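**Q** got a sequence here, can you model it:
(one chain, ligands or ions: 2)
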Amino acid sequence: MSNAKTNCLCGAVTITVKEVDPKFTVCHCQSCRTWGGGPFFAVKCGTNVKIEGEDKIKMYESSSWASRGFCNECGTHLFYKFKATGEYNMPVGMFHNLKGLEMDMQYFSDMRPNYYCFSNATKEMTTDEIMAYFSAEI
Ligand SMILES: [Zn+2]
Ligand SMILES: [Zn+2]
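**A** Ligands and ions are numbered 1, 2, ... in the order given. Below is the predicted model:
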């Protein structure tokens, strides 16, 4: 776990995260790939997050359980936020000096298109496994 600070491309939004988990997740779902043009490389940032320039953030509710936030000046994708817990997942690429980064999990592995694949050895979960896991948690 490490502390990290970053900002969007134009600098209107600054984000400070108290604890970033360096084991990150890659999401292959269609929403993530539509949003970012490719799979979403997401680090878990928990709820201890300080955001400056919040008035420059546009939120989009991409599902009944989460919203996505981006800078309305430069378009930088800032976070995926779970409604129930308030936890943030943020693009790993926004953080420049994180130590110990490791691709740990791939979500929606059954939705991964056949035009790319990663050689990293990771855990994987299919759509069915994810739905079962999260419905058990609630
Ligand atoms: Zn910006
Ligand atoms: Zn996704």
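
**Q** which of the helices or strands spans the closest residue to Lys123 other than its chain neighbours?
**A** Counting by Cβ to Cβ, 6 or more residues apart in numbering, Met105 is the residue found nearest to Lys123 once chain neighbours are left out, at 4.8 Å. From N, CA and C alone the C-beta is placed, and that goes for glycine too. Assigned by DSSP states H and E, Met105 belongs to strand 102-107.

**Q** right, is whichever helix or strand comes after that strand up against ligand 2?
**A** Using DSSP H and E, the helix or strand that follows strand 102-107 in sequence is strand 123-125. No: Strand 123-125 is not in contact with ligand 2 by Cβ under 5 Å from the ion; minimum separation 11.4 Å.

**Q** quick one: contacts of strand 123-125?
**A** If you take Cβ atoms under 8 Å, 6 or more residues apart in numbering as the criterion, strand 123-125 is touched by Asp104, Met105, Gln106, Tyr107, Phe108, Ser109, Tyr133.
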